[in-house]
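*Asks:* I need the structure of the sequence given here:
(2 chains)
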Protein chains: 2
Amino acid sequence: MDFSSFLTSLGTSFVIFLVLMIVFAWLSSRPGNNVVYYPNRIIKKLEPLEGGYKTRNPFSWIKEAVYSSEQDVIDMSGVDTAVYFVFLNTVLGILVLSGVILLPALLPLSVTDNGGKKQTTSEGTFNELDKLSMANITAKSSRLWGFFIACYWVSIVTLALLWRAYKHVSWLRYEAFKSPDVKPEQFAIVVRDIPPAPQGKTRKEQVDTYFKAIYPEAFYRSMIVTDNKVVNKIWEKLEGYKKKLVRAEVIYEGSKTTAKPDGTRPTNKTGFLGLIGKKVDSIDYYNAKINELVTKLESEQKVTLREKQQDAALVFFSNRVVAASAAQNLHAQMVDTWSVCDAPEPHQLIWPNLKIKFFQRQLRQFLVYVIVALTIFFYMIPITLISALTTLDNLVKLLPFIKSIVKIKALRTVLEAYLPQLALIIFLALLPKLLLFLSKFEGIPTESHAVRAASGKYFYFNVLNVFVGVTIGGTLFQSFKKIEKNPNGTAALLAASLPGNATFFLTYVALKFFVGYGLELSRLVPLIIYHLKRKYLCKTEAELRDAWAPGDLGYGTRVPGDMLIVTIVLCYSVIAPVIIPFGALYFGFGWLVLRNQVLKVYVPSYETYGRMWPHIHNRILASLILYQITMFGYFGVQKFYYAPLLIPLPILSLVFGFVCGKKFYPAFQHQALEVAAVADRELKEAPNMELIFRSFIPPSLSSEKIDDDQFEDALSQVSRSTSFV
Amino acid sequence: MDFSSFLTSLGTSFVIFLVLMIVFAWLSSRPGNNVVYYPNRIIKKLEPLEGGYKTRNPFSWIKEAVYSSEQDVIDMSGVDTAVYFVFLNTVLGILVLSGVILLPALLPLSVTDNGGKKQTTSEGTFNELDKLSMANITAKSSRLWGFFIACYWVSIVTLALLWRAYKHVSWLRYEAFKSPDVKPEQFAIVVRDIPPAPQGKTRKEQVDTYFKAIYPEAFYRSMIVTDNKVVNKIWEKLEGYKKKLVRAEVIYEGSKTTAKPDGTRPTNKTGFLGLIGKKVDSIDYYNAKINELVTKLESEQKVTLREKQQDAALVFFSNRVVAASAAQNLHAQMVDTWSVCDAPEPHQLIWPNLKIKFFQRQLRQFLVYVIVALTIFFYMIPITLISALTTLDNLVKLLPFIKSIVKIKALRTVLEAYLPQLALIIFLALLPKLLLFLSKFEGIPTESHAVRAASGKYFYFNVLNVFVGVTIGGTLFQSFKKIEKNPNGTAALLAASLPGNATFFLTYVALKFFVGYGLELSRLVPLIIYHLKRKYLCKTEAELRDAWAPGDLGYGTRVPGDMLIVTIVLCYSVIAPVIIPFGALYFGFGWLVLRNQVLKVYVPSYETYGRMWPHIHNRILASLILYQITMFGYFGVQKFYYAPLLIPLPILSLVFGFVCGKKFYPAFQHQALEVAAVADRELKEAPNMELIFRSFIPPSLSSEKIDDDQFEDALSQVSRSTSFV
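*Replies:* All right, here's what the predicted structure looks like:
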């Protein structure tokens, strides 16, 4: 790619971005699209737009985003989102502070160096960038001291801002927990690996006696975890029929208003997918089904509560300090019994995982790590195999009916071009889902924790395969084969390959921010889907609400994507400082667009009070260390004799990571008691424990019809009686 | 060494052992020696001997030792000692079970193999042992399968017995904590890294408010840690003068009974060591000094309590569950403030270490590790230097007065032989003390923990230098230079060197058990010292009691010594199974002799309820893994193609260690709440908190004269007032 085609690509992306901005300004000002562009405000029962539509400047969203405070973000989207912005701020800060020094200092150094051998940063096709990079410097030149100092500057800026950010996030978490608002999860703990109940005692009695003995005053009640597989299935079926009934009734009502005053009663077939079978009156049929299922659900609920108790439980305490303390304490002499952890928000609990035993969890974790490592290193092998098998000719043999399609020449060309990569594309699209599934398989008890775990795995895949893989060429496995031949020069090999890929990554970053954030802001895809659904599918209010449900920020895949950019920009920051403004633009645009999205669009699906931060922190640090090691290697390639003076940098980073881990991390793992004590003290009246307790009952088990006595089977009663006294 | 000289050495050792046994039987039956042979019983106010002296069989101590139960050991010497016997039992069990299979199976295999090349286990001088070892087997022979199976057998036996032992020790700890007897340390926690007190608040108020907010019901009182350096010095001086006064009075009384009815008042000189200066009347002089010091102590106590408060404290709770829970909880959002740990027995606390800050502790620990690693690897360098400098001729130049001694020829010969090794001998004797000093320097808050840390360091020194060093030849540093030349063959190098040293280690083990345990049992050295002191030095009761104070078992140096034997015997178990009976005899004799010693002689100086066990466990496991790796290497040396089938063994050991660490270890780190709850429940009446609190006041600060109001400065008052309501 030469300089003009690089500029063309950049310009095209920018034009696309501008168009998308204008489209957004136009579409978002039409009230009919409110549910697509302001769902978060609508759900929170706020006016979609402050100040109405007429007086509104089409770009006032920028002003609103810029002037919104961190507290606004927390109010609209929770602490987790605020923490994500701390991440964006920190990286932006690092890039701006680095760029302000590096660009004016290093670019002149590179441009004015004319002696010595010429390396290439773009494989000989892009001379303009060559001149701006460190590769233009004569080997052993004393100008390298400038780049050397730049390495230190970037590292120190990164560490300083990371420290500030960790402190700030810790404070955010502190503030969130300090508030006296009752959060059910603050009063509960999860207990797993309960040993078999002694003879003559029910599980419930066993759990209650155990915790009453240890926390005589604060213990409130327990809830035994049950196997809800069957009852969930029935409940889902029931809910499905309920929705269908509402839909049928709406259709019926709709048909009334037209010519026929009686309307036509909708009908459906009872067989597979409503396509075959007997034709029945929908309303009657669904009503009958619902009645049938309600009875079935009730009896199944009883059976579940009585007979499907697992060896896990939720235990409730009447104050936060004791709950926070109980979640950290060692309860049993043998650690594989009565293991505890703090409860997450009720809807986050992964019930089926709670019953998995201690050592089985360890084993599963180990297995998953092995599988993920194999996936990261060797994923190209099955994909190549599949690609080889799924040639057009093979496909035609397998699926004869596509023969006619294949005959069209234009289509054939396209198919032949993309088919080999299809397996890879599908794999990459499914990878986050696969990693989430694997993380859940580990036995992690909460949804958010599983997402964090999956996100970590995705980060390693990204950095190792996209960054290291692209740089050295080929997939990771092939790269490591190269490294194996020359084990001492790993850093040097990576470093030597870096300049050649600078242009690729520059284009990558630019494309990602212009097109990526343009699409993000304009929400074209959700808009089209919503309007299609509204027109052709949705009949009821509930269906419509489902159609515009905005979803959440997608932390789990967004952070690894951003982290890849961080890694790329950090690693190139000194070699080709011209990448820094692109990185800064990526995070600047990201900040702006996402600020708008979190204030107006996305609705968080859970809240972890910033538990994602330690992960983000560690990964930025890992990128920094990768950068420091590559730079050490690259100075070696440039034959700079003082390169060993860079060795203190990775050591400093490791010490920094150790200190942060010691100082801040435990407060993310557990809740500090002093914070819980403040929250308890500021509480005006005793919390409604009954409400807290009930919020943890899964929807399939809660029913107004079922009276409390039935619940007693799995839900403790011992202390309930006392709590009512 | 040929076979006959090996037998001679063995025989001599055995004769020495027999003589020492007889000496013991004779000496221990003389009532005048009771305080040397039965001090533990005397201190516990029991009859020195059950059944009196006359009817006593001289070997009945064996019967008593064999028939004593674990409960007897716990009653007489505490849980820690019982855990030491679990260690002896476990190792003995491993050796007996291994020996029963290995000796009859492997020895015939070796002896009857006559083909192939002849390797040597004793460098060609000891053919009889050669024939009994694996080195006698022809390379690639199918007989090696026998040795191969033996490897598995020893490993499985070790793991099974270790599992049983860990479970048993965990139970011992459980039983000890379950007992309702009030142990002051169960009601207290140590708080360190207290942040600066806010304006207008004393430290005491700060600590009290903080913990009262978190534990409103159970918080009792706090004690601020003070800098006691000055007050301790005064107090020690005072105690010294008190002892001298008593001694002077006894001497005065003694002089009265003779010819002169008035007696002679003893005198002393006031200068250096009582050798120079003015001559004064001792009783008057000491009385004056004591009066002077008492006033000084009182005023210094006030100053200490008021002005020398540090940012650490002891916090007391009125029940065990809360104290156990508080010691595990995260209290502050920032972990380097308000860090907590469980309190040890009062006299174990190392007060000066409590004030060391969080990150300083980390730094010190790191520094100490570096120093210890350097010591282990390079200790021979300074010692060689010192040896080179302290030749006889140099010494004569430095200390001219020894010239006359050097002239005696016999003495000169002896000196010339031993002088080069003198530095090494002194170093080895001082090493445990050095390691203990280093461990305390880390900032460890309790005596027992420091001993454990020192013991671990000593173990590494022992195994790495004595075992690996002797085997490969030279000190560790030289060995590693050899390994560096051939990095892939580390295990093979060690394995190949093993057979050549079999005789050395056989003699080492035999010497250690015959002579070592003989001396241990007969207590000749303490006996002589005691009688010398009694005759020439001791005048008062207190001095006499000091003279026979038996000390403790010396866990810290005894365990690493035993572990060295375990490592040696395990590593040779399959190569030269003939070592197994010697190992079994070592631990058998050890069990017998030490059982006698702990029941009758040693008085434990602290109790940690078996916290040493995880360390012992991990080190046995480390020895096992070393054994498995060396065996893998040795099978390689023997060209056994199936050697890779041994690879599962170290993996199995690692998994076993991981499982044990997860399952058992946390209960050794913290106290399980269920256990504390049992203890609390079984308590008949409320514990005397005042007494518990006072037991933690160091002797130099406690004084009957000082009224409580003065203590209020550093000892909390907020809750005291409530506790008296």
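
*Asks:* what sits against A:S77?
*Replies:* Applying Cβ atoms under 8 Å, 6 or more residues apart in numbering or on different chains, one finds that A:S77 lies in contact with A:40, A:553, A:598-599, A:602-604. To be clear about C-beta, it is placed using only N, CA and C from the backbone, and glycine gets the same treatment.

*Asks:* quick check: which element contains it?
*Replies:* helix A:70-111 (DSSP states H and E).

*Asks:* what does A:V66 give?
*Replies:* A:V66 belongs to helix A:60-67, assigned by DSSP H and E.

*Asks:* same deal with A:S13?
*Replies:* Since the elements are taken from DSSP H and E, A:S13 ends up inside helix A:3-27.

*Asks:* now do that helix, average pLDDT.
*Replies:* Averaged over helix A:3-27, pLDDT sits at 82.

*Asks:* what's the angle between it and helix A:60-67?
*Replies:* Orientation note: helix A:3-27 sits at an angle of 100 degrees relative to helix A:60-67 (axes from the mean of the first three to the mean of the last three Cα atoms, to 10 degrees).

*Asks:* give me the distance from helix A:3-27 to the chain's centre.
*Replies:* Offset of helix A:3-27 from its chain centre (Cα atoms, centre = their mean, to the nearest Å): 28 Å.

*Asks:* and the next helix or strand after that helix, what does it pack against?
*Replies:* Following helix A:3-27 in sequence order, the next helix or strand is helix A:34-37 (DSSP H and E). Helices and strands touching helix A:34-37, by 3 or more Cβ pairs under 8 Å, 6 or more residues apart in numbering or on different chains; DSSP states H and E, are helix A:3-27, helix A:524-536.

*Asks:* show me the contacts for the spatially closest residue to A:F358 that is not a sequence neighbour.
*Replies:* Excluding the flanking residues, the one nearest A:F358 by Cβ to Cβ, 6 or more residues apart in numbering or on different chains is A:D336, at 3.9 Å. When contacts are counted by Cβ under 8 Å, 6+ apart, A:D336 touches A:193, A:357-359, B:662-663.

*Asks:* element containing A:D336, please.
*Replies:* Going by DSSP H and E, A:D336 is not in any helix or strand.

*Asks:* over to the one 4 residues further on?
*Replies:* With the criterion set as DSSP H and E, the secondary-structure element containing A:V340 is strand A:339-342.

*Asks:* A:T226 bridge partners, please.
*Replies:* Applying DSSP bridges to A:T226 gives these bridge partners: A:Q309.

*Asks:* burial measure for it, as a count.
*Replies:* 24 (other Cβ atoms under 10 Å in any protein chain shown).

*Asks:* next: A:S605.
*Replies:* Counted with other Cβ under 10 Å, A:S605 comes out at 18.

*Asks:* three-state assignment of the closest residue to it other than its chain neighbours?
*Replies:* Distances taken as Cβ to Cβ, 6+ apart put A:D552 closest to A:S605, at 4.4 Å, once the chain neighbours are dropped. Here A:D552 is recorded as coil under DSSP: H, G, I helix; E, B strand; the rest coil.

*Asks:* ramachandran angles for A:D552?
*Replies:* phi -110, psi -180 (degrees, to the nearest 10).

*Asks:* from the contacts of A:D336, which is closest to B:T608?
*Replies:* B:K663 (20.1 Å; Cβ to Cβ).

*Asks:* hang on, isn't the closest one packed against A:V335?
*Replies:* Yes - counting by Cβ atoms under 8 Å, B:K663 does reach A:V335; the two are 5.4 Å apart.

*Asks:* between those two, what contacts are shared?
*Replies:* A:F358.

*Asks:* residues in contact with stretch A:362-379: which ones?
*Replies:* Residues contacting stretch A:362-379 (Cβ under 8 Å, 6+ apart): A:356, A:427, A:434-435, A:438-439, A:441-443, A:457, A:460-461, A:464-465, A:475-477, A:480, B:658, B:662.

*Asks:* quick one, strands of the stretch 201-350 of chain A?
*Replies:* In the stretch 201-350 of chain A, the strands defined using DSSP state E, counting those that start in this stretch lie at A:219-226, A:267-269, A:279-281, A:309-317, A:339-342.

*Asks:* nearest the geometric middle of chain A, what residue?
*Replies:* A:G556 (1.6 Å; Cα atoms, centre = their mean).

*Asks:* phi and psi next, for it.
*Replies:* Here A:G556 shows phi and psi, under degrees, to the nearest 10, equal to phi -60, psi -40.

*Asks:* show the pLDDT at it.
*Replies:* 81.

*Asks:* cool, and the one 3 residues further on?
*Replies:* According to the per-residue confidence, A:V559 scores 90 in pLDDT.
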